[in-house]
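**Q** give me the fold of what follows.
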Amino acid sequence: MLVATAATIFLCINQQFSLRFFMDFTQLNTEYFYLLIALMLPFTFLIFPSSSKAPLDRIPWYDAVLFVLTCAAAIWLMMNIRKAAALGWEFEGAPRNVIAAGLVMWFVLMEALRRTGGWSLLLSVFPFTLYPLFADAKWLGPFRGTQSTLEQTTAYHMLSGESLLGIPIQAFADTVIGFLVFGTALMMTGAGKFFINIAFALCGTFRGGAAKVCVFASGLLGTVGGSIVSNVLTAGTMTIPAMKKTGFTPSYSAAVEACASTGAVLAPPVLGATAFVMAQFLNTGYSDVALAATIPSVLYYFGLFAQVDSYAARHQLEGLPRRELPRFWDAFKEGWYYLFVIVVLVVMLLYFKRESHAPFYATALLVILHQWSGPAAWKRANTAVLMLSAALTGAMLWFDIGNPFLWGMCILAVLNEFFPGKNWGGGRWLHFLELNGKTFVELIAILAGCGLLIGAFSLTGVISSLANDLLSIAGGNALLLLVMCAITSLILGLGLTTTSCYIFLAILVAPALEKLGLNKMAVHMFIFYWGMLSSITPPVAIASFAAAGIAGAPAMKTGWESMWVGSIIYFIPFFFVLNPALLLQGENPYLEALGLTAISCFGIVFICGGIQGYQAYVGDLRRAGFMEWPIRVLLIIGGFTIATPGGGIMPISQLQIMALGLAILVPTVILALLLVRRNPITPRKLSTR
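**A** Presented below is the predicted three-dimensional model:
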């Protein structure tokens, strides 16, 4: 697998940088995609066992057979894809041997999907891959479409650019590989420890400080990682014990970490794999998606921070002692270069618009800087060497001298050979390849399998009619259709991963929302946002379950508690879909976005106060006696009202909405203040169980 992983990274670099290592052969994109599939997909059957009862100390014969079948089918289809493109085999006339290879690939893909995504994902995708075979059946109702034969369906799935070789695999091949490599390099060079120490230094002494550290650290890690589970395992091992130590229950500690890490797929500049798929759906640059996600991610983490603060205040949970926390300057000196690398990455994404090149540049620069980092480097003359290397690499990136990536790698090789820094020996490189390989294998199985879902709907041509049917059901009401979409996403999220849930809704619901005139970016961001909630929603809840394992808490209890802790995030998607200025869409949206963000944050404070039962600058609402719950409900309603953008599809203006929200909040807050101050006795501190 290590050799296959190295070959995958090499092929990606060769393709994206046009290095022309294959001098006499120009590779088609579809051939490149199939070569990646041939290198990675077969290892699904060696890494992921067929069941919990499968032997772990040896490879079963059937897994070896599946490995060989996958390799053979992928290579045969790759060898014929050029001829298929020339002769239109994806529609008609594909020879029997190609159809046979396609059927084998179809079968192994579904088995790979089951092993990586579970039975729920397989049962959600597999029936739809067969859908073109009986698309004309009367009982399908609004799902009726053009019917195809088994041969036609197989050829379209395996040879067209709309199914297996469609949007998900294109995103994986063009951008996901590079960002996964960058994320792995960050973790191996110690980015996790750096961001966590910075968070402890800044937030540790506040009330509920350990939980606020968790939110802040996971947010920082999310900006460069984009992996939910990796975030949980990196930050959670330090933040969860600290939360438990300061009075948070095990399940609540795990829930906070799960919610904070889930935001990793939304935090720019490095979002999760779903964002790359989204960019392909929108036919736009990844940098546009990352920029649009900026304010939603700010609102996400601000809402979570406010939730934690209200909970800590209600339960009288203190922060960590200053003597137990790292000093900010010491933490900064140990990993300052991560910030430099992130700046380079952002410049490459937003200024140069090189989404496929940026992560490789950033990775090369990261490893170079890591060679000469550390506190001692601030006291030695070799700091000059470090800065010179950084400046030289930056200049080559700026002026595009020759091939900057190759130049950067040459500098890295020299540093590795002749200078005694934090040398990456052979063992670390092998571990680097191993970590990337496992991630590549899992992602390519899920993305390729979900690609067949897109192909099925594309072949039957049912999307347009389905959009009209959804509009008819909703009566043309955009708000009702958004609520329907949110509920559908939440239900799908109970059994699907974030990426597969997004792909489902992007195919089925997005066209209907777009027909109502809603901003396309806002529609897809809304779907993306709701899809990521599957990470904290049982029974999938991968973030909650991973955090529960660290906290020693019951998995399902942690999952349900994650939904409660993260309840504020269920409100936020409606804010930016109602006014795309929050996604920095439209002409000169920045000033408007700034005002709307401030108003939304103001409303979120009251929503969180109502949810948690402690309102900032008012106090513990339990002191209000029998009026506690009416006040909490009114705070939630008033906060949501004032945070909701006016205009657009809303029938009233921003000024009218604010007036309505204040009309609810002002008397509610005054009443709460009177009742809380009339009963100054602090309630007994609740048991932390």
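**Q** check which element follows the one helix or strand residue 106 maps to along the chain.
**A** Assessed by DSSP states H and E, residue 106 sits inside helix 96-129. Using DSSP H and E, the helix or strand that follows helix 96-129 towards the C-terminus is helix 150-159.
**Q** gap between that next one and the chain center?
**A** For helix 150-159, the gap between its own C-alpha mean and the chain's C-alpha mean amounts to 31 Å (C-alpha atoms, centre = their mean, to the nearest Å).
**Q** cool, and stretch 233-252?
**A** What separates the centre of stretch 233-252 from the centre of its chain is 23 Å, taken as C-alpha atoms, centre = their mean.
**Q** one more: stretch 660-672?
**A** On C-alpha atoms, centre = their mean, the centre of stretch 660-672 falls 37 Å from that of its chain.
**Q** for residue 277, give me its contacts.
**A** Residue 277 sits next to 167-168, 171, 447, 499, 502-503 when contact means C-beta atoms under 8 Å, 6 or more residues apart in numbering. No exception for glycine: its C-beta is placed from N, CA and C like everyone else's.
**Q** repeat that for 7 Å
**A** 167-168, 171, 499, 502-503 (C-beta atoms under 7 Å, 6 or more residues apart in numbering).
**Q** one step back: between helix 150-159 and the helix holding residue 106, find me the angle.
**A** Put simply, helix 96-129 runs at 90 degrees to helix 150-159, going by axes from the mean of the first three to the mean of the last three C-alpha atoms, to 10 degrees.
**Q** and helix 96-129, average pLDDT?
**A** Across helix 96-129, pLDDT averages out at 90.
**Q** remind me what it packs against, helices and strands.
**A** Helix 96-129 sits against helix 44-47, helix 61-87, helix 150-159, helix 426-460, with contacts defined as 3 or more C-beta pairs under 7 Å, 6 or more residues apart in numbering; DSSP states H and E.
**Q** okay, strands next: where are they in the protein?
**A** Taking DSSP state E, the strands of the chain run over residues 614-615, 619-620.
**Q** got CSV for the ones you listed, with mean neighbour count, distance to residue 58 and mean pLDDT too?
**A** Below are the strands of the chain laid out as CSV (neighbours: other C-beta atoms under 10 Å; distance: least, C-beta to C-beta, whole Å; pLDDT from 0 to 100):
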stretch, mean neighbour count, distance to residue 58, mean pLDDT
strand 614-615, 24, 56, 93
strand 619-620, 20, 60, 90
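**Q** I'd like those laid out as CSV, including distance to residue 225.
**A** Formatted as CSV, those follow (distance: least, C-beta to C-beta, whole Å):
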stretch, distance to residue 225
strand 614-615, 32
strand 619-620, 37
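**Q** between the ones you listed, which gets nearest to residue 92?
**A** Closest to residue 92 of these is strand 614-615 (C-beta to C-beta; 66.7 Å).
**Q** okay, now the residue lying closest to residue 454 once chain neighbours are set aside: neighbour count?
**A** Spatially, and ignoring its direct neighbours in sequence, residue 454 is nearest to residue 166 (5.1 Å; C-beta to C-beta, 6 or more residues apart in numbering). By other C-beta atoms under 10 Å, the residues close to residue 166 number 24.
**Q** ok, residue 166 touching residue 451?
**A** Yes: with contacts counted by C-beta atoms under 7 Å, residue 166 reaches residue 451, the gap being 4.7 Å.
**Q** which residues touch the residue nearest to the spatial centre of the chain?
**A** Residue closest to the mean C-alpha point of the chain, counted by C-alpha atoms, centre = their mean, is residue 265 at 2.3 Å. Contact analysis of residue 265 by C-beta under 7 Å, 6+ apart lists 226, 228, 271-272, 274, 498, 532.
**Q** do that again at 6 Å, thanks
**A** 271-272, 532 (C-beta atoms under 6 Å, 6 or more residues apart in numbering).
**Q** how about residue 243?
**A** Applying C-beta under 6 Å, 6+ apart, one finds that residue 243 lies in contact with 210-211, 253.
**Q** how close does it sit to residue 573?
**A** According to C-beta to C-beta, to the nearest Å, residue 243 and residue 573 sit 27 Å apart.
**Q** go on, residue 342?
**A** Distance, residue 342 to residue 573, using C-beta to C-beta: 26 Å.
**Q** between these two, who's got more neighbours?
**A** Ranked by neighbour count (other C-beta under 10 Å), residue 342 and residue 573 place residue 573 first, with 24 against 19.
**Q** identify the residues contacting stretch 288-306?
**A** Against stretch 288-306 from outside (C-beta under 6 Å, 6+ apart): 215, 219, 259, 263, 266-269, 275, 278-279, 521, 568-569, 572, 576, 582-584, 597, 600-601, 604-605, 608.
**Q** go on, stretch 639-652?
**A** By C-beta under 6 Å, 6+ apart, stretch 639-652 touches 478, 571, 578-579, 596, 600, 603, 606-607, 653-654, 657-658, 660-661.
**Q** flag every buried residue along that stretch.
**A** For stretch 639-652, a neighbour-count test (16 or more other C-beta atoms under 10 Å) marks 639-646, 648, 650 as buried.
**Q** gap between that stretch and the chain center?
**A** 28 Å.
**Q** ok, now stretch 277-289?
**A** Mean-position distance between stretch 277-289 and its chain equals 14 Å (C-alpha atoms, centre = their mean).
**Q** how much space between the closest residue in space to residue 87 that isn't next to it in sequence and residue 259?
**A** Of all residues not flanking residue 87 in the chain, residue 93 sits nearest, at 6.4 Å (C-beta to C-beta, 6+ apart). Relative to residue 259, residue 93 is positioned 52 Å away (criterion: C-beta to C-beta).
**Q** quick one: which of those two has more around it?
**A** Neighbour count, other C-beta under 10 Å: between residue 93 and residue 259, residue 259 has more, with 33 against 12.
**Q** what comes up buried for stretch 140-153?
**A** Residues 143-145, 147-148, 151-153 are the ones in stretch 140-153 that count as buried (16+ other C-beta under 10 Å).
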